[in-house]
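**Student:** Could you work out the structure for the sequence below:
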Amino acid sequence: MEEKRFQKNDSGFICKNCGFEVKPLGVTSRDHCPKCLCSIHIDINPGDRANDCLGMLRPVQVLPDPKKGYIIVYRCEKCGATVRNKAAYPAKVQPDDINLLIKLTAGKM
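**Tutor:** Prediction:
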């Protein structure tokens, strides 16, 4: 039997970049700030919180996806890894800033 790579870990947190209080999403693992879109390089597989890097993940691009909505592409400031995460837009609780998503889709950040 194949092991699940996704683990639900829907905890709230304080954004290390902008200090915004991020609330649990209520559906899946919340992994980035809806205000500035930054994240911490904390997961190896979604929700596992098993990565020791803990570098700041900065959004560098947003890709539209017909099935998933928006995909945020990050680059880790510490190790240089590129990470992709599904945007929380739309969302009932603290949806991602659509203006930032559009700017990153257009390459204007």
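**Student:** per-residue pLDDT, the residue most central in space within the chain?
**Tutor:** Centroid-nearest residue in the chain, with Cα atoms, centre = their mean: residue 32, separated by 3.7 Å. pLDDT, residue 32: 93.
**Student:** Just list whatever residues bridge to it.
**Tutor:** Here residue 32 sits in beta bridges with residue 39, going by DSSP bridges.
**Student:** Pretty sure it sits against residue 42.
**Tutor:** No: here residue 32 lies out of contact with residue 42, judged by Cβ atoms under 8 Å, at a distance of 10.4 Å. Using the backbone N, CA and C atoms, a C-beta is placed for each residue, glycine as well.
**Student:** Rounded mean pLDDT for the lengthiest strand in the chain, please.
**Tutor:** Longest strand in the chain, counting residues (DSSP state E): strand 56-65. Regarding strand 56-65, the rounded mean pLDDT is 95.
**Student:** Pull up the pairing partners for that strand, direction included.
**Tutor:** The pairing partners recorded for strand 56-65 under DSSP bridges are strand 39-40 (antiparallel), strand 69-76 (antiparallel).
**Student:** Tell me which of these sits most buried.
**Tutor:** With neighbours defined as mean count of other Cβ atoms under 10 Å, the strands paired with strand 56-65 peak in mean count at strand 39-40, which reaches a mean of 23.
**Student:** remind me which residues of this structure are low pLDDT?
**Tutor:** 1-4, 6-7, 108-109 (pLDDT under 70).
**Student:** State the distance from the closest residue to residue 102 other than its chain neighbours to residue 76.
**Tutor:** Spatial nearest neighbour of residue 102, excluding adjacent residues (Cβ to Cβ, 6 or more residues apart in numbering): residue 62 at 7.9 Å. Noted for residue 62: a distance of 17 Å to residue 76, by Cβ to Cβ, to the nearest Å.
**Student:** Next: residue 41.
**Tutor:** Noted for residue 41: a distance of 5 Å to residue 76, by Cβ to Cβ.
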